[in-house]
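Q: what's the 3D shape of this:
(2 chains)
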Amino acid sequence: MKLLVFVLNKEDYLEEVLEAYVEAGVAGATLLDSEGMGRFLAYEVPLFAGFKEFMKGNKPYNKTIISVIRNDAVVDRLKALVDEVVGGLDNPGTGIMFTVPVDWASGLVREEEEV
Amino acid sequence: MSLICNMIAPDCVLLDLEAGSKEDVIQVLVDVLAKAGHVADTKLLFKDVMTREALASTGLGYGCAVPHAHSAALDKTVLAVARLNTALDFNAPDGSPVRLVFLMAGPKDSAGLHLKLLSKLARLLHDNSLRGQLMDCPSIAVFQKLLCERDN
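A: The predicted model follows:
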């Protein structure tokens, strides 16, 4: 079982990304409004205001999608689908996806009810 | 990593400087960096630092400020420090006048190092105990030693 975290910088893709989640077999996920560290420092902390010019082209806010995944194959399917939607996570500024092991969870959608 | 320690040269530290305004201190520190051989164009560096000052306060609060700039006037990131006899207004977020001024300047293509140094300086200067010691220490050697002890 894994916790899948995806910070999606290009929020315009959110709808398609979530469709990819469903298609890949992710039974449920939680969406969080989030903000990059660089954006916060440059715009909210006066000392770092000089770095605004380096933020040009960066999206000010992003979405963080977290989900618990039972089956590793789902992550592989999802990664491929997400790459297709966003044009590849290797392109800087697109987003960050990673997993961490989960050794216990409660309240998940029951396995037999997963799509 | 001892970033700050390696950059604090004794000839770029001024203790108990008398200055009439923020502009005066910045000019003195720019001149100090130039005298140490770091600045090719002092007018340009002063202008770049003041342009950055106009953007938002570089006062950290607690009597400290870190005016800084990316500038074509130099080719490596350098630091100069002034401890003022009379505190000056830097429009700091907490409204407190400033006695410790760290001027940092680096070339335009060193944004990463610049950001790292700025963050480190801010973190060090948020320490009440270190700040107090820097404000009261008797010599440049002690000033430098205090910073180096914390900068590891």
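
Q: alpha carbons only for contacts and neighbour counts from here, please
A: Fine.

Q: close to chain B: what parts of chain A are there?
A: Chain A comes close to chain B at residues A:46-50, as judged by CA under 8 Å from any CA of the partner chain.

Q: among those, which are in helices?
A: Using DSSP state H, no member of those falls in helices.

Q: surely A:Val100 is in contact with A:Ile66?
A: No - applying CA atoms under 8 Å, one finds A:Val100 not in contact with A:Ile66, separated by 11.0 Å.

Q: residue contacts, the residue of chain A found nearest chain B?
A: Residue of chain A nearest chain B, by CA to the nearest CA: A:Leu47 (4.8 Å). A:Leu47 makes contact with B:56-60, B:66 under the criterion CA atoms under 8 Å, 6 or more residues apart in numbering or on different chains.

Q: which stretches in chain B count as helices?
A: B:3-7, B:22-35, B:42-55, B:111-125, B:128-136, B:140-150.

Q: quick one, which of those helices is packed in tightest?
A: helix B:22-35 (a mean of 20; mean count of other CA atoms under 10 Å in any protein chain shown).

Q: show me the contact partners of that one.
A: Residues contacting helix B:22-35 (CA under 8 Å, 6+ apart): B:11-12, B:19, B:39-40, B:42, B:45-46, B:49-50, B:67, B:78-82, B:88-90, B:103.

Q: ok so, going back, could you single out the nearest of the residues of chain A next to chain B to B:Val142?
A: A:Leu47 (26.9 Å; CA to CA).

Q: surely B:Cys5 touches B:Asp151?
A: Yes - counting by CA under 8 Å, B:Asp151 is a contact partner of B:Cys5 at 6.2 Å.

Q: in CSV, list the residues of chain A next to chain B along with pLDDT.
A: Converted to CSV, the residues of chain A next to chain B look like this (pLDDT from 0 to 100):
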residue, pLDDT
A:Pro46, 92
A:Leu47, 92
A:Phe48, 92
A:Ala49, 92
A:Gly50, 89
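
Q: which pLDDT value belongs to A:Tyr43?
A: A:Tyr43 is assigned 89 on the pLDDT scale.

Q: got it, and B:Met1?
A: pLDDT, read off for B:Met1, is 59.

Q: cool, and A:Gly93?
A: 85.

Q: what residues are up against it?
A: Contacts of A:Gly93 (CA under 8 Å, 6+ apart): A:9, A:58.

Q: one more: the one 10 residues further on?
A: Residues in contact with A:Asp103 (CA under 8 Å, 6+ apart) are A:Met1.

Q: ok, now how distant is it from A:Thr64?
A: 22 Å (CA to CA, to the nearest Å).
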